[in-house]
Each structure stands twice: as C-alpha cells, then as structure tokens.
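1. 3D, please:
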Amino acid sequence: MAITRTVRQLIDGALRIAGAYEVGETPEPEDTATALLVLQDIIAEHSGGLFVPLVISEAITLVINQEAYTVGEQGSPDLNTQRPEQITQAYVRVSNYDHPVRIIGKRAFERIPLKTQPGRPTVLWYNPTVPNGTVNVWQSPNATDSLYIVSIKMLAEPTALGQNLLDTVGIARNYHNPLKWMLGEDLCEEYGKPVTPLILKRSLEGKASIISLNAARSVQASGFDFVTPYGRNDDLIRY
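-> As a prediction, the model looks like this:
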C-alpha cells in the first residue's frame, strides 16, 4: 500500500525547501494559504501533455437521432464527469462487440453534408467547449448503444490542507515529491529566497521522471484509415 501525503504535508515540506521555515516549525496560516494558491497554479499550468496521468475510459448512452452530447459537470450534461481536455479513442459497443469510431477534426466533420444520416456512429469530433465539452458523432445513432470515449483529463487541484493527495484529490503517489520540489522552487520567488542548484535540479528531475513515465504508457489514437462516402479524411486529430 502506497504511503500517501496530505496537502498540508506537501506544503510544509515545500516551505522548508524554500527556506521559509525550519524543521519542526509550524507554518503560519497565511503562508500555507499562499502556498496552496501557488500549488493550484502549478497543477493548472502543468495539466496538459505528458505531465497528465489521467487517461480515462467512460461510456455515454447514445440517444436515437441525437448527434451531439455534452460532457462535463455543469448543469445536466449527457455524461456527468470532469470535462475532458482531449479524446484520444472511441468505440461503440454493440452486443459486447466493440466497433471503432474514428476521431476527426472540425473541418472534416463539417464536410459531412448529411449529418442526420441514421446508423451506428463511425466518426467523432470532440469540441472542448466550456464549461462542458461537446461530443459530436456521425452517423446519427439508430440504437441506444454505448459510446465509449478514452479521454485525457486535467489533474485535480487541491482545495483544502487536510485533503489526502492520493485518495481525495486523486494525484498519484509518484507526483507527490516532484510537486513538493516544484512548489518549493516557486515559493523561493514568493519569499525572496535564492533557488539553489539542488532545488532546481530536484524540481527538473521530478518533472522529467513524470513525463518519461507517462510517455511510456500514453494512449495513442487509433491509426486505421477511414474513408467516408464524402471523401477521405485528412483532418484526423492525433493527440
């Protein structure tokens, strides 16, 4: 079982790295509040590309004759979940058989003249609208099958000092120490402290190790060719 840390423990460690406090000292509330804001900014800044570990598979129940589906947490979306940054793969499951769905871009989707043509969806364009993203499919569903999407999502930002980084916030254990050193580096600027070679080295090494790990296990978009009745797709998005 992985040993986990709370947000407060990570912040306390980062404040010590920055030289704002010594071992055994309890940080003042205003300092931990500032550090939490900086940590949130770091996570938001790095919630993209190979720094993100969250590759999730989820299902949308298709509705007959409905071509667009909202995905997010605001209002009443078709799929209530964290809004995806990108969708890398998709497939429709029919009687336990998975049919691949091609992911294309906006221009290719717009070139389909009859978007209401009924059938099992074979094409998907994801529009990352805000606050909810929009999944657009072609053909127009003619059955209430399940559309599975594999998507990349942002790292969650902690909101309270007592939260468990792994169990509550959902940040993997191998992120905790790199985030501590990255936060310590940024807090040096906040407190006017020098960024020592060790701090810079540990911060860069931690970030590089995460990117390397995620690159090795990243999910790639399906690579088979797809030709619609309206011409070959040359606008495939490969994330």
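
2. contacts, neighbours, all on C-alpha from now
-> Noted.

3. Tell me where this protein has helices.
-> Ranges of helices in the chain, per DSSP state H, are 7-17, 29-45, 106-110, 176-190, 197-217.

4. In TSV: those helices, plus mean pLDDT, distance to Arg120 and mean neighbour count.
-> Listed next are those as TSV, based on pLDDT from 0 to 100; distance: least, Cα to Cα, whole Å; neighbours: other Cα atoms under 10 Å:
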stretch	mean pLDDT	distance to Arg120	mean neighbour count
helix 7-17	97	46	23
helix 29-45	94	37	16
helix 106-110	96	16	16
helix 176-190	95	44	22
helix 197-217	86	30	15
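
5. Would you mind giving those helices as JSON lines with distance to Val55 added?
-> Shown next, in JSON lines, are the helices of the chain (distance: least, Cα to Cα, whole Å):
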{"stretch": "helix 7-17", "distance to Val55": "23"}
{"stretch": "helix 29-45", "distance to Val55": "16"}
{"stretch": "helix 106-110", "distance to Val55": "22"}
{"stretch": "helix 176-190", "distance to Val55": "19"}
{"stretch": "helix 197-217", "distance to Val55": "10"}
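
6. Nearest to Ser151 among those would be which one?
-> helix 197-217 (13.9 Å; Cα to Cα).

7. Any regions of the protein where pLDDT drops low?
-> By pLDDT under 70, the low-scoring segments of the chain are 1-2, 48-54, 216-239.

8. Nearest residue to the middle of it?
-> Nearest to the geometric centre of the chain sits Lys153, at 1.7 Å (Cα atoms, centre = their mean).

9. I figured that residue was touching Arg83, is that so?
-> Yes - judged on Cα atoms under 8 Å, Lys153 makes contact with Arg83 at a distance of 7.0 Å.

10. what is in contact with those two at once?
-> Overlap between the neighbourhoods of Lys153 and Arg83 is empty, taking contacts as Cα atoms under 8 Å, 6 or more residues apart in numbering.

11. show me what contacts the residue nearest to the centre of the chain?
-> With Cα under 8 Å, 6+ apart, Lys153 has these contacts: Ser47, Val52, Leu54, Val55, Ile56, Gln82, Arg83, Pro84, Glu85, Gln86.

12. Could you do Gly170 as well?
-> Per Cα under 8 Å, 6+ apart, neighbours of Gly170: Leu155, Ala156.

13. how far away is it from Leu155?
-> Separation of Gly170 from Leu155 (Cα to Cα, to the nearest Å) stands at 8 Å.

14. next one: Asn164
-> Separation of Asn164 from Leu155 (Cα to Cα) stands at 14 Å.

15. Between the two, which is the more surrounded one?
-> Each of Asn164 and Leu155 has its neighbours counted (other Cα atoms under 10 Å); Leu155 has more, 21 against 18.

16. now the more buried one, nearest residue through space, not along the chain?
-> Ser47 (5.6 Å; Cα to Cα, 6 or more residues apart in numbering).

17. can you count the residues close to that neighbour?
-> 20.

18. Return the list of helices and strands in contact with the longest strand seen in the chain.
-> The longest strand of the chain (DSSP state E) is strand 86-94. If you count contacts as 3 or more Cα pairs under 8 Å, 6 or more residues apart in numbering; DSSP states H and E, strand 86-94 packs onto strand 97-100, strand 102-103, strand 123-127, strand 146-152.

19. and among these, the most buried is which?
-> Here the criterion is mean neighbour count by mean count of other Cα atoms under 10 Å, and of these the winner is strand 102-103, at a mean of 26.

20. Just checking: what are the partner strands of that one?
-> Sheet pairing of strand 102-103 (DSSP bridges) gives strand 123-127 (parallel).

21. quick check: angle from the strand it pairs with to strand 86-94?
-> Here the directions of strand 123-127 and strand 86-94 differ by 140 degrees (axes from the mean of the first three to the mean of the last three Cα atoms, to 10 degrees).
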